[in-house]
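Engineer: Fold the following.
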Amino acid sequence: MASERLMEVERLIARKDSERVAAMQRHADRLKEIENRERSELEVGKGTVADVSEIAQNRLEAEVRVKIAKESGPSTNIAALERRLNEVERKLDQLLKKQPER
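Structural biologist: Numbering: from 1, shown residues only. Take a look at the predicted model:
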């Protein structure tokens, strides 16, 4: 789903946990809009119950992930810590390459 891929990219480039949670919340909000649109299409005979059910399930899962992310806080967000560590290691490698050899 495009919304999920967008969220993942936003989370990858985010520097703070609050920015990562905000990306997750925007994804959940987009899914809510899609769900509303699917419900409207169902009401006029253009959609299916399966379409509404699928997007409703995706939205609920996204909302649960947002809630968990908000409750877990920065100290328990292992994935975020790993991303930051990788970034720091990459920058350290760049700095070490710039130093003259002894």
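
Engineer: Tell me where the model's unsure across the protein.
Structural biologist: Within the chain, the stretches falling below the threshold (pLDDT under 70) are 73-77, 101-102.

Engineer: show me where it has helices.
Structural biologist: Using DSSP state H, the helices of the chain run over 2-13, 17-43, 49-72, 78-98.

Engineer: Can you tell me which of these is most buried?
Structural biologist: Most buried of the helices of the chain, by mean neighbour count (mean count of other CB atoms under 10 Å): helix 17-43, with a mean of 17. In this view, the C-beta of every residue, glycine as well, is placed from N, C-alpha and C.

Engineer: Figure out how far it is from the centre of its chain.
Structural biologist: 12 Å (CA atoms, centre = their mean, to the nearest Å).

Engineer: counting contacts, what elements does it pack onto?
Structural biologist: helix 2-13, helix 49-72 (3 or more CB pairs under 8 Å, 6 or more residues apart in numbering; DSSP states H and E).

Engineer: Between helix 2-13 and that helix, find me the angle.
Structural biologist: 180 degrees (axes from the mean of the first three to the mean of the last three CA atoms, to 10 degrees).

Engineer: rewinding a little: okay, the helices and strands packed on helix 17-43 in JSON lines with distance to residue 40 next?
Structural biologist: Below are the helices and strands packed on helix 17-43 laid out as JSON lines (distance: least, CB to CB, whole Å):
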{"stretch": "helix 2-13", "distance to residue 40": "18"}
{"stretch": "helix 49-72", "distance to residue 40": "10"}
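
Engineer: what's the closest of these to residue 28?
Structural biologist: Nearest of those to residue 28, taken as CB to CB: helix 49-72 at 4.0 Å.

Engineer: Distance from the chain centre to the closest one, please.
Structural biologist: 12 Å.

Engineer: got a list of contacts for it?
Structural biologist: 1, 17, 20-21, 24-25, 27-28, 31-32, 34-35, 38-39, 41-42, 77 (CB atoms under 8 Å, 6 or more residues apart in numbering).

Engineer: Fine by me, thanks again.
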